[in-house]
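Colleague: this one's sequence-less:
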Ligand code: GUN
């Protein structure tokens, strides 16, 4: 039987409609949730991402401020800006778009952001709290994946979750979040030997490696839940995931498409984190 398709676009739109109401209720209390996005340099993909974040914020009535700095900006200058934003009580969320130019240390910049405003969930304090299972800002893509699983009523407890990819932004944190929810978690990556042995055992398979159509129906277990985080542009301009959707959907029980899968959920969770930051700062 063909899999249930988890439509991230529809879910994101529903959640954003709820957030729009939440934001207008906060306005009535004199709280104006506000996100500041910092972009250093002119990477076209990054510019398109940050514009998307700005558009989505404005659509739910959230104040959004994009600060664009030249690629020649020094680490010291960027640290100065972050210090200013940390101390600005009208700014609730700070996001510095990655990657940064190579002369700026991403670690130093991420650690300079106040954990109270770390809506990306990348600060070591946020990561540590997440690993400890404490309330914190969760990184947006894995948070979006967990929200999709929950919304579809997919049980995580006791399932074998296999994570393909070990990035700081997706692979590592999604494994921790699934572990916190009592899944048995296996991490696989480019140096994993006999990869198919693990894939065949995955009740939940999360694929985040950035290789078009890497996974086909042959590698997945019957009735697996397949979450595709990949966004790959083919030569003809089309966007596809890391999973061969057409074959995999015939074997999976649930599957996310690309586009309209995980992608729209990432920005949605960023908005959610910013609302949370605004609430916490006004408690
Ligand atoms: N670059 C690609 N994805 C992200 C993200 O989620 N946050 C930031 N800050 N930079 C990114």
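Modeller: Perfect, thanks for sending it. Note that the coordinates shown come from a computational prediction; the quantities given were computed from them, not determined experimentally.
Colleague: so who does residue 79 touch?
Modeller: 108, 109, 112 (Cβ atoms under 8 Å, 6 or more residues apart in numbering). Bear in mind the C-beta positions are built from the backbone N, C-alpha and C, glycine included.
Colleague: how far away is the last one from residue 89?
Modeller: What it means is residue 112. According to Cβ to Cβ, to the nearest Å, residue 112 and residue 89 sit 18 Å apart.
Colleague: same question, residue 161
Modeller: Taken as Cβ to Cβ, the span from residue 161 to residue 89 is 40 Å.
Colleague: Looking at these two, which has the bigger crowd around it?
Modeller: residue 161 (24 against 8; other Cβ atoms under 10 Å).
Colleague: Just want the phi and psi numbers for that one.
Modeller: Per-residue torsions, residue 161: phi -100, psi 130 (degrees, to the nearest 10).
Colleague: Residues of this structure that sit close to the ligand?
Modeller: For the chain, the contact set with the ligand under Cβ under 6 Å from any ligand atom comprises 95, 96, 97, 98, 120, 140, 169.
Colleague: switch to 8 Å and redo it
Modeller: Within the chain, the positions lying close to the ligand (Cβ under 8 Å from any ligand atom) are 46, 49, 95-99, 120, 122, 139-141, 169, 266, 270.
Colleague: In contact with the nearest residue to residue 228 once chain neighbours are set aside, which residues?
Modeller: Nearest residue to residue 228, sequence neighbours excluded (Cβ to Cβ, 6 or more residues apart in numbering): residue 241, at 3.7 Å. Residues near residue 241 by Cβ under 8 Å, 6+ apart: 207, 212, 213, 228, 229, 230, 231, 232, 256, 257, 258, 261.
Colleague: do the same with residue 101
Modeller: Taking Cβ under 8 Å, 6+ apart, one finds 40, 41, 71, 73 in contact with residue 101.
Colleague: Now, of those, which are buried?
Modeller: Buried members of the contacts of residue 101, counted by 16 or more other Cβ atoms under 10 Å: 40, 41, 73.
Colleague: who's in contact with the last one?
Modeller: Under the criterion of Cβ under 8 Å, 6+ apart, the neighbours of residue 73 are 40, 101, 104.
Colleague: Just the pLDDT for residue 5.
Modeller: At residue 5, the model reports a pLDDT of 98.
Colleague: Kindly report the same for residue 109.
Modeller: pLDDT, read off for residue 109, is 98.
Colleague: From what I see, it and residue 75 are in contact.
Modeller: Yes: using Cβ atoms under 8 Å, residue 109 is in contact with residue 75, at 7.4 Å.
Colleague: Which of the two has more residues huddled nearby?
Modeller: Using other Cβ under 10 Å, the more surrounded residue of residue 109 and residue 75 is residue 109, with 20 against 16.
Colleague: follow-up on the earlier one: and the contacts of residue 73, which of them are in strands?
Modeller: residue 40 (DSSP state E).
Colleague: Same list, the contacts of residue 73, but as CSV with distance to residue 224 and pLDDT please.
Modeller: Below are the contacts of residue 73 laid out as CSV (distance: Cβ to Cβ, whole Å; pLDDT from 0 to 100):
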residue, distance to residue 224, pLDDT
40, 40, 98
101, 40, 98
104, 40, 98
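Colleague: Nearest to the ligand among the contacts of residue 73?
Modeller: residue 40 (11.0 Å; Cβ to the nearest ligand atom).
Colleague: which residues touch the closest one?
Modeller: Going by Cβ under 8 Å, 6+ apart, residue 40 touches 69, 70, 71, 73, 78, 96, 97, 100, 101, 104.
Colleague: now residue 65
Modeller: Taking Cβ under 8 Å, 6+ apart as the criterion, residue 65 is in contact with 34, 35, 36, 37, 91.
Colleague: Sort out which of these are in strands and list them.
Modeller: Using DSSP E, these in strands are 34, 35, 36, 37.
Colleague: Tell me how far the third one lies from residue 265.
Modeller: Read it as residue 36. 22 Å.
Colleague: Name the residue in those two with the higher neighbour count.
Modeller: Counted by other Cβ under 10 Å, residue 36 and residue 265 do not tie: residue 265 has more neighbours, with 27 against 24.
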